[in-house]
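**Q** build me a model from this:
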Amino acid sequence: MSHIQFIRNLIIETPSKPGNFAKVATAIGELKGDIGDIQTIKVGTLSTIRDVSVQCTSEEQLEEIVSAINAIGEGIQVHAVTDDVLHAHEGGKIAMKSRVEVRSLGDLRRIYTPGVANVCKVIQNDPAQADYFTGISNTVAIVTDGTAILGLGNIGPVAGMPVMEGKAVLFDQFAGISGIPILLDTSDPDEVVETVKHIHQSFGGILLEDIGSPHCFEIEERLKAELQIPVMHDDQHGTAVVTLASALSACRQTGVELAQSVVGQIGLGAAGLAISRMFMAYGVKEMRGVDPNPEAIDRLRQHGGIALDSVEEIMQSCDIVIATTGVQGLIKPEMVRKGQIILALSNPNAEIEPEDALEAGAAFAADGRQVNNILGFPGIFRGALNAHAKNISYPMLIAAALAILDSTKPGDLVPHPLDPAVHENVANAVERVANEEANSI
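**A** Presented below is the predicted three-dimensional model:
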């Protein structure tokens, strides 16, 4: 769960004496800046220059951080503020490239005319051969209407393209899948569904991305019903998979049995409702939820959840509490019940800070910084494509969550997202369940 934030790189010089960079880090931390990568550019006899990545929530916060560093004195100064993120996106992050080389006339005749005509005839006689002689079965459409781009909201599909390209990069790097962004200039469910239906033969699967609520629910359900390839809305089910894995990890660390617990969901938007449905599919004792939107409450009830009237009621009656509201400080420390597990997943500002929840008596508390969809969607689609699955079912999603849990080191909430073993484990688990489901039909 994310809200508006940006990254800038600070070129900082400090005297070459131990402890000076610690002063810089302290200045950044006291103003709630989040330090990322640190690269040493130059180590001199008298001074050291570093390139420090800092995540901020506003330009004003960034200016305060720069001023605070310069105010330290003692030869410590910020030489420049750069935007390495923009540089990384110049020209786009993805490109369509050939998997074969054309070095001779013979190569040309094999990959294009006249040789290609024979392959076309093979597929014409047996369309299933397209899985072997084209890239369709390893290609996923990343479809957005731009109505719910990260924490930026409805900024339009073109402005959302950097996110879609990012998803394509992650598909390639972690699952070997070709992700193709599809930008739609409509949010009308009928038009979205018809458009995707008309182009779906180019793809082995459909990933719906950053499509707002409530039209995201209808679009996904209709596409799942009408297409014979896997369809998944990542903001719903990708988030829900990683949240289930996180809750199971927290339960393992605290000796709690999730299936015997009463779980409360605060916020029933796309992510919140999907989390609720995922936990019910897993088999929790009871799923309760709260949201100011009556339509969201109705959707929870339709899927078997129990609606409560207030956040206070959720906090008083639930063993495990998950929040996806985007409202900083919504959960007050005095609301925390001793022994609760609390996952306040809004970024960058959680509904309650983990340290505050623990101090108030929670057995376990975490925020959304680690609950990253990247742990789920690449492996989920890799497994589904490997199994030639027609859809992505709840047993497949639960298998993905359990694979993430099994890949988590003791003491961690979830695995590191850059660990390739996690994505391989998720893919294998999903493929296994998909094959079991196919064989049981």
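**Q** Gln260 touches Tyr282, doesn't it?
**A** No: taking C-beta atoms under 8 Å as the definition, Gln260 is not a contact partner of Tyr282, at 11.8 Å. C-beta: built from backbone N, CA, C; applies to glycine.
**Q** neighbour-wise, which of these two wins?
**A** Counted by other C-beta atoms under 10 Å, Gln260 and Tyr282 do not tie: Tyr282 has more neighbours, with 20 against 12.
**Q** which residues touch that one?
**A** Under the criterion of C-beta atoms under 8 Å, 6 or more residues apart in numbering, the neighbours of Tyr282 are 244, 258-259, 398, 401.
**Q** now the two most distant members of these.
**A** Taking every pair in these and measuring C-beta to C-beta, the maximum separation is 13.3 Å, between Ala259 and Ala401.
**Q** who has more neighbours out of the two?
**A** When neighbours are counted by other C-beta under 10 Å, Ala259 and Ala401 differ, and Ala401 comes out ahead with 25 against 11.
**Q** surely that one meets Thr239?
**A** No: applying C-beta under 8 Å as the test, Ala401 and Thr239 come out as separate, 11.3 Å apart.
**Q** from Asp190, how far out is Ala245?
**A** Computed with C-beta to C-beta, to the nearest Å, the distance linking Ala245 and Asp190 is 35 Å.
**Q** can you pick out the residue with more neighbours from these two?
**A** Shown here are Ala245 and Asp190; by other C-beta under 10 Å, Ala245 has more neighbours (27 against 11).
**Q** which helix or which strand is home to the more buried one?
**A** Following DSSP states H and E, the helix or strand that holds Ala245 is helix 239-254.
**Q** distance from the helix or strand hosting Val263 to the middle of the chain?
**A** Val263 is part of strand 262-266 when elements are defined by DSSP H and E. When C-alpha coordinates are averaged (C-alpha atoms, centre = their mean, to the nearest Å), strand 262-266 and its chain have centres 21 Å apart.
**Q** what are the contacting residues of that strand?
**A** 247, 272, 275-276, 279, 284-291, 300, 305, 308, 311, 314-315, 317-325, 330-331, 351.
**Q** all the strands of the protein, residue numbers only.
**A** Per DSSP state E, the chain has strands spanning 6-15, 34-43, 47-56, 77-82, 139-144, 178-183, 205-208, 231-233, 262-266, 286-290, 306-307, 320-323, 341-344, 364-367. These are given in chain order.
**Q** angle of the fourth one against strand 34-43?
**A** Going back to what we said before, that points to strand 77-82. 110 degrees (axes from the mean of the first three to the mean of the last three C-alpha atoms, to 10 degrees).
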